[in-house]
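[1] Structure of the sequence below:
(chains A, B, C and D)
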Protein chains: 2
Amino acid sequence: MEAREAKSELFEAIAGLGKAFSSSRRLELIDLLAQSPRSVDQLAEAAGLSVANTSQHLQALHASGVVSRCREGNRIRYELAGDDVLALWIGMRDTAQARVAEVQRAADRYVGEPVEAISAAELLARLESDELVLLDVRPGVEFESGHIAGARSFPIDELEERLAQLPHEAEVVAYCRGPFCAFADEAVRTLNRSGRRARRLEGGWPEWKLAGAPVAGGG
Amino acid sequence: MEAREAKSELFEAIAGLGKAFSSSRRLELIDLLAQSPRSVDQLAEAAGLSVANTSQHLQALHASGVVSRCREGNRIRYELAGDDVLALWIGMRDTAQARVAEVQRAADRYVGEPVEAISAAELLARLESDELVLLDVRPGVEFESGHIAGARSFPIDELEERLAQLPHEAEVVAYCRGPFCAFADEAVRTLNRSGRRARRLEGGWPEWKLAGAPVAGGG
DNA sequence: CAAGTTATCAATAGAATAGTTGAATAGCAA
DNA sequence: TTGCTATTCAACTATTCTATTGATAACTTG
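    Reported below is the predicted structural model:
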């Protein structure tokens, strides 16, 4: 019967997408692309991989429909294929956190002591009432490619030396790449040491964007 | 720096979940478990795999948090670990359909000529007004483990011989395992040949259940 | 207890995948 | 054209994954 064969092919084709999410290297690339489009060498640099290796992973991701690419002069810009892919990545990450004890352990180890957090809903409400300083502590390129409306770019590397630019009595919220990114936590600790009241946003830029909340930049 | 190492471990752990979705055999098992819990040999039979092979895949799925299991007398009953996993599977399936041309082609080849469909929202509304016969054309065990409230079990294998049990002038809706399952399409064709007006439900039982619409059976 | 069922384990061979290296290609800039 | 940068390709090794086989373990029934 050819029905079983057709069914096999169908599942085989879907598994092709699954394979995209089955390698930690590819997941790191997806996680980076969830912040902003990038070229191959930028991705290789950020992920700590060789360029050739990165290129091959990106081609696998392209073949499985996870990323799209376009030439920009001399470089090739890769980006996530769409919001459905972004949602899938976030869903997988969250399910892994909920279901796999080892993920939660590794996340705790990576992010360190948890800091006080603010929910997206509360942040959205507070942004209206202007008593709040919102810092995007991701690298500058990621901020420029898109950020939460009203945020200021304070890359984590520059935060310490630019502390003076922040009003001392202000309440600060920092956000970064997402729940598994340590930048915002580190920023909150730095801000607390400087005597400021600070919290991190639960989640990060991709979750905010996906929720349809107000954004700026990019385009 | 140990931060990179911790990050690697984190992504490695998440990739463990991704690997669960990277094999067509495991996806078939997940798809079956999305309908109802089953024992190893039932799954092996339904998926056309050897028992040993099935057992090993199920253990891989268990290790990655996708399924849970419990002993029931002599057998071991496997089931999906939770609705988050079900949602993840549906999300991956739908994204694959949207992004990978080969998936759409394979689905068309497997399901055959499309038949007229009814949305879940419309079905929900029509179920109130009692002018509609709703048929669950999946195998009996799946019906018993849970089904749409108000549905009657008409396994596709028995449909032809039980046609007389259906009022001739009734409008019929058939549903099955989901968009990539051919049972409901086949049922609609059979019903049409018998002169009845019939449509299939867009999606299937897992999508209905996940949407929080009214269900019955199982427990 | 013995016999039968259900599921897992252990060992293995073949297939697929990951990462490296060095060469090749495509565009840019002089 | 030449030199330069960014990316991909091709070939190769090491590793991991898959499915099979036959043996073993857990439980039920008589």
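
[2] who touches A:E28 in this structure?
    By C-beta atoms under 8 Å, 6 or more residues apart in numbering or on different chains, the residues touching A:E28 are A:A47, B:K7, B:F11. C-betas here are computed from N, CA, C, even on glycine.

[3] from these, which ones fall inside strands?
    Within the contacts of A:E28, no residue falls in strands by DSSP state E.

[4] In stretch A:143-160, which of the residues would be classed as buried?
    Of all the residues in stretch A:143-160, those buried under the rule 16 or more other C-beta atoms under 10 Å in any protein chain shown are A:F143, A:S145, A:G146, A:H147, A:I148, A:G150, A:A151, A:S153, A:F154, A:P155, A:I156, A:L159.

[5] secondary structure class for the residue nearest the centre of chain A?
    Nearest residue to the geometric centre of chain A (C-alpha atoms, centre = their mean): A:R177, 3.5 Å. Classification of A:R177 by DSSP: H, G, I helix; E, B strand; the rest coil places it in coil.

[6] Check the spatially closest residue to it that is not a sequence neighbour and give its pLDDT.
    Nearest residue to A:R177 in three dimensions, chain neighbours excluded: A:G204, at 4.8 Å (C-beta to C-beta, 6 or more residues apart in numbering or on different chains). For A:G204, the model assigns a pLDDT of 97.

[7] quick one on the thing from earlier: can I get the contacts of A:E28 in a markdown table including distance to B:A170?
    Listed next are those as a markdown table, based on distance: C-beta to C-beta, whole Å:
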| residue | distance to B:A170 |
| --- | --- |
| A:A47 | 59 |
| B:K7 | 60 |
| B:F11 | 54 |
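
[8] got a pLDDT number for A:E45?
    Confidence for A:E45, expressed as pLDDT, is 96.

[9] residues contacting the closest residue to A:A34 other than its chain neighbours?
    Of all residues beyond its chain neighbours, the one nearest A:A34 is A:P206 (4.5 Å), with distances taken as C-beta to C-beta, 6+ apart. Contacts for A:P206 (C-beta under 8 Å, 6+ apart) come out as A:A34, A:Q35, A:L86, A:I90, A:R177, A:G178.

[10] and if we set it to 7 Å?
    Contact analysis of A:P206 by C-beta atoms under 7 Å, 6 or more residues apart in numbering or on different chains lists A:A34, A:Q35, A:L86, A:I90, A:G178.

[11] quick one: which of those residues is nearest B:N192?
    A:L86 (40.7 Å; C-beta to C-beta).

[12] Go ahead and list the helix or strand containing the closest one.
    Here A:L86, judged by DSSP states H and E, is contained in helix A:83-99.

[13] Is there contact, residue-wise, from the helix or strand just after that helix to DNA strand D?
    Downstream of helix A:83-99, the next assigned helix or strand under DSSP H and E is helix A:101-111. No - remark: helix A:101-111 sits outside contact range of DNA strand D, by C-beta under 7 Å from any atom of the strand, the gap being at least 14.7 Å.

[14] How far off centre is helix A:101-111?
    17 Å (C-alpha atoms, centre = their mean, to the nearest Å).

[15] tell me the contacts of A:L10?
    With contacts defined as C-beta under 7 Å, 6+ apart, A:L10 is in contact with B:V103, B:A106, B:A107, B:Y110, B:F180.

[16] Tell me, how many residues neighbour the nearest residue in space to it that is not next to it in sequence?
    Nearest residue to A:L10, sequence neighbours excluded (C-beta to C-beta, 6+ apart): B:A106, at 4.0 Å. Around B:A106 there are 23 other residues, counting by other C-beta atoms under 10 Å in any protein chain shown.

[17] just checking, B:A106 touches A:A15?
    No - between B:A106 and A:A15 there is no contact under C-beta atoms under 7 Å: 11.3 Å.

[18] which stretches of chain A have low pLDDT?
    Applying pLDDT under 70 to chain A flags residues A:1, A:219.

[19] can you give me the helices in it?
    With helices called from DSSP state H, chain A shows them at A:2-20, A:24-33, A:40-47, A:51-63, A:83-99, A:101-111, A:120-128, A:140-144, A:156-162, A:183-193, A:205-210.

[20] Please produce JSON lines containing those, extended by distance to A:G218.
    Listed next are the helices of chain A as JSON lines, based on distance: least, C-beta to C-beta, whole Å:
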{"stretch": "helix A:2-20", "distance to A:G218": "24"}
{"stretch": "helix A:24-33", "distance to A:G218": "14"}
{"stretch": "helix A:40-47", "distance to A:G218": "16"}
{"stretch": "helix A:51-63", "distance to A:G218": "21"}
{"stretch": "helix A:83-99", "distance to A:G218": "14"}
{"stretch": "helix A:101-111", "distance to A:G218": "26"}
{"stretch": "helix A:120-128", "distance to A:G218": "19"}
{"stretch": "helix A:140-144", "distance to A:G218": "7"}
{"stretch": "helix A:156-162", "distance to A:G218": "20"}
{"stretch": "helix A:183-193", "distance to A:G218": "19"}
{"stretch": "helix A:205-210", "distance to A:G218": "9"}
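
[21] Just name the most buried of those.
    Across the helices of chain A, the average number of neighbours (mean count of other C-beta atoms under 10 Å in any protein chain shown) peaks for helix A:24-33, which reaches a mean of 23.

[22] interface residues of chain A facing DNA strand D?
    A:39-42, A:51-52, A:55-56, A:58-59, A:69, A:74-77.

[23] let's see it at 6 Å
    Counting by C-beta under 6 Å from any atom of the strand, the residues of chain A close to DNA strand D are A:S39, A:V40, A:D41, A:V51, A:A52, A:S55, A:L58, A:Q59, A:N74, A:R75, A:I76.

[24] Which pair in the residues you listed has the greatest spatial separation?
    Distance extremes for the residues of chain A next to DNA strand D: the farthest pair is A:Q59 and A:N74 at 18.3 Å, using C-beta to C-beta.

[25] Please work out how many residues are found near the residue nearest to A:R177.
    With other C-beta under 10 Å as criterion, A:G204 counts 26.

[26] same question, A:S50
    By other C-beta under 10 Å, the residues close to A:S50 number 10.

[27] if I look at the closest residue to A:W89 other than its chain neighbours, how far off is DNA strand C?
    Once flanking residues are discounted, A:W89 sits nearest to A:I30: 5.4 Å by C-beta to C-beta, 6+ apart. From A:I30 over to DNA strand C the distance is 13 Å, taken as C-beta to the nearest atom of the strand, to the nearest Å.

[28] I'm done for today, thanks for sticking with me.
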